[in-house]
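Student: here is my input; please provide its structure:
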Amino acid sequence: QVQLVESGGGLVQAGGSLRLSCVTSGRTFTMGWFRQGPGKEREFVGSINWSGSSLDYADSVKGRFTISRDNAKKSVYLQMNSLKLEDTAIYYCAASNSIVTVISAPGYDYWGQGTQVTVSS
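Tutor: Presented below is the predicted three-dimensional model:
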């Protein structure tokens, strides 16, 4: 069983930046970030494979968000720049046993508890 713990959420003004971190308790392969805004379904944000050589992003965050990972630290990160009001959501880290990037939630085997990101005007 792999446990995931997110951190780094908070309140930020529109146009600002935040960096989310996710620490895992074991070895993981593909990692992903998802989010769920108020009254919305959980949606894909981005995914990174084991080596970091393959990345996928949702169209809504391309050019603004960047996923990276440090396997030695068993960590994955989500750098969020140029934040918008619509980025307000609970952000979840997820781990998959897949060796390629995964964009659908059912493809992930383990989930963190989430961290709140609130973007204010």
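Student: can you map out the strands along this protein?
Tutor: 4-7, 10-13, 18-24, 30-36, 43-48, 55-57, 65-70, 75-80, 89-96, 110-111, 115-120 (DSSP state E).
Student: got a list of what the most centrally placed residue in the chain touches?
Tutor: Centroid-nearest residue in the chain: W33, 2.4 Å away (criterion: CA atoms, centre = their mean). Residues near W33 by CB atoms under 8 Å, 6 or more residues apart in numbering: 20, 22, 45-47, 67, 76, 78, 91-94. C-beta: built from backbone N, CA, C; applies to glycine.
Student: skipping adjacent residues, who's closest to it in space?
Tutor: Excluding its sequence neighbours, the residue lying closest to W33 (CB to CB, 6 or more residues apart in numbering) is V45, at 4.2 Å.
Student: from R27, how far off is the one you found?
Tutor: Distance of V45 to R27, computed by CB to CB, to the nearest Å: 22 Å.
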